[in-house]
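1. the following comprises the amino acid sequence and a computationally predicted model.
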Amino acid sequence: MVCAPGLRWVLLSALLHSAAPWGARQADRPKQCVAPKSQSDMNSFLWTVRRSPPHPPSYLFGTIHVPYTRVWDFIPNNLKQAFYNSPNVFFELDLTDPQTISKLTSCQLLPHGQNLQTLLPRDLYRRLKRHLDYVKHMMPYWMTSDQRGRGLYADYLFNAIAGNWERKRPVWVMLMVNSLTELDIRSRGTPVLDLFLAQEAEKMRKTTGAVERVEEQCHPLNGLNFSQVSGANLRGSGLIASPLSSTPPNDTVKNRTACPAHA
């Protein structure tokens, strides 16, 4: 494996964190994760790339897009030490760059003049709109007192997540709705692992960068046609299959959590 000089640490992750299909029941899954009792019980997706002296080793670490507090206790000390000792840290995308966030937002939008109401079947569009109305109504009850104490309010949070949803491409709407669960809302305001490490790297004045461009993240998803999205994903969500009712289709998974067997 060839590594450029000075590349000490590369942090890669999936753009979209894995999530259970809407409507999937997970009653037997624990709501809280139990941290391993000792370092020997831990494992991690950390690879070491060794080079001939005097070149230092490089590291490759795979992360998951969940609040770092859910997985930090599962990350062994040798991995944390590799991060702290590395002067250069390269991430999948630079999530601390406002331009990156702006590009990620823009790439989710439909071409000018198109909207979801004209693309989705009428029944599915109505179910989607009713579900989002339900989420907006419930969000003040889902949020924590700590979030409110930090100035994070329900209306602002809903608009930050679901604002302009009618202009988004179906695949991004599907992913957006899948993240609008009670557990996810209660963890908003806590950085995901990638962002937390990027913020730590900045505090420690490490050299940082990105190994991918926003276009490389967005174009594969935007290349899916509507039949692929609606058949494989929206139908699995329950928005099509669920009966018409006031109960949201993903209500049964609102307490899902991420308990990694290995960080």
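-> Good, I have the coordinates. Numbering: from 1, shown residues only.

2. just give the number of residues close to residue 135.
-> 22 (other C-beta atoms under 10 Å). For every residue, glycine as well, the C-beta is placed using N, CA and C.

3. which SSE is it in?
-> helix 122-142 (DSSP states H and E).

4. what packs against that helix?
-> helix 116-119, helix 154-162, helix 170-178, helix 182-186 (3 or more C-beta pairs under 8 Å, 6 or more residues apart in numbering; DSSP states H and E).

5. of those, flag the one that's most buried.
-> Counting by mean count of other C-beta atoms under 10 Å, helix 170-178 has the highest mean neighbour count of the helices and strands packed on helix 122-142, with a mean of 21.

6. list the helices and strands that helix packs on?
-> Under the contact rule (3+ C-beta pairs under 8 Å, 6+ apart), helix 170-178 is packed against helix 116-119, helix 122-142, helix 214-222, helix 226-229, helix 235-237.

7. give the contact list for residue 100.
-> Residue 100 sits next to 93-94, 210, 214 when contact means C-beta atoms under 8 Å, 6 or more residues apart in numbering.

8. which ones among those residues are found in strands?
-> If you go by DSSP state E, those have residue 210 in strands.

9. out of the contacts of residue 100, the closest to residue 192 would be?
-> Taking C-beta to C-beta as the measure, residue 192 lies nearest residue 93 of these, at 11.7 Å.

10. any idea how far residue 173 is from the closest one?
-> 21 Å (C-beta to C-beta, to the nearest Å).

11. which stretch among the helices and strands packed on helix 122-142 comes nearest residue 76?
-> Short answer: helix 182-186, nearest of those by C-beta to C-beta, at 25.4 Å.

12. then that closest one to CSV, C-alphas only?
-> Only the C-alpha atoms of helix 182-186 are listed here, as CSV (Å, rounded to 0.1, in the frame of the first residue of the first chain):
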residue,chain,number,x,y,z
GLU,A,182,-37.4,10.3,19.1
LEU,A,183,-33.9,8.9,19.9
ASP,A,184,-32.3,10.7,17.1
ILE,A,185,-34.0,14.0,18.0
ARG,A,186,-32.9,13.7,21.6
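
13. what comes up buried for the helix or strand following it?
-> Under the assignment DSSP H and E, the closest C-terminal helix or strand after helix 182-186 is helix 193-203. Within helix 193-203, the residues scored as buried using 16 or more other C-beta atoms under 10 Å are 193-198, 200-201.

14. tell me what helix 193-203 is packed against?
-> strand 9-13, strand 58-63, helix 68-71, strand 88-91, strand 207-210.

15. out of these, which is closest to residue 187?
-> helix 68-71 (7.5 Å).

16. which parts of that closest one are buried?
-> Residues 68, 70-71 are the ones in helix 68-71 that count as buried (16+ other C-beta under 10 Å).

17. ok, stretch 139-146 next?
-> So, applying 16+ other C-beta under 10 Å, buried residues of stretch 139-146: 139, 142-143.

18. same thing with stretch 34-42?
-> 36, 42.

19. for stretch 81-89, same thing?
-> Result for stretch 81-89 [16+ other C-beta under 10 Å]: buried residues 82-83, 86, 88-89.

20. output the below-cut-off pLDDT ranges for this protein.
-> 1-33, 35, 41, 225-263 (pLDDT under 70).

21. go again with 50.
-> Within the chain, the stretches with pLDDT under 50 are 1-30, 231-263.

22. isn't residue 131 up against residue 177?
-> Yes - the pair residue 131 / residue 177 is scored as a contact, 6.8 Å apart, by C-beta atoms under 8 Å.

23. just the CA coordinates for stretch 78-86, please, in CSV.
-> In CSV, the C-alpha atoms belonging to stretch 78-86 read as follows (Å, rounded to 0.1, in the frame of the first residue of the first chain):
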residue,chain,number,x,y,z
ASN,A,78,-4.7,2.3,21.5
LEU,A,79,-6.9,3.8,18.8
LYS,A,80,-7.4,7.0,20.7
GLN,A,81,-3.7,7.2,21.3
ALA,A,82,-3.0,6.8,17.5
PHE,A,83,-5.4,9.7,16.9
TYR,A,84,-3.8,12.0,19.5
ASN,A,85,-0.3,11.2,18.4
SER,A,86,-1.0,11.9,14.7
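
24. perfect, I'm done here.
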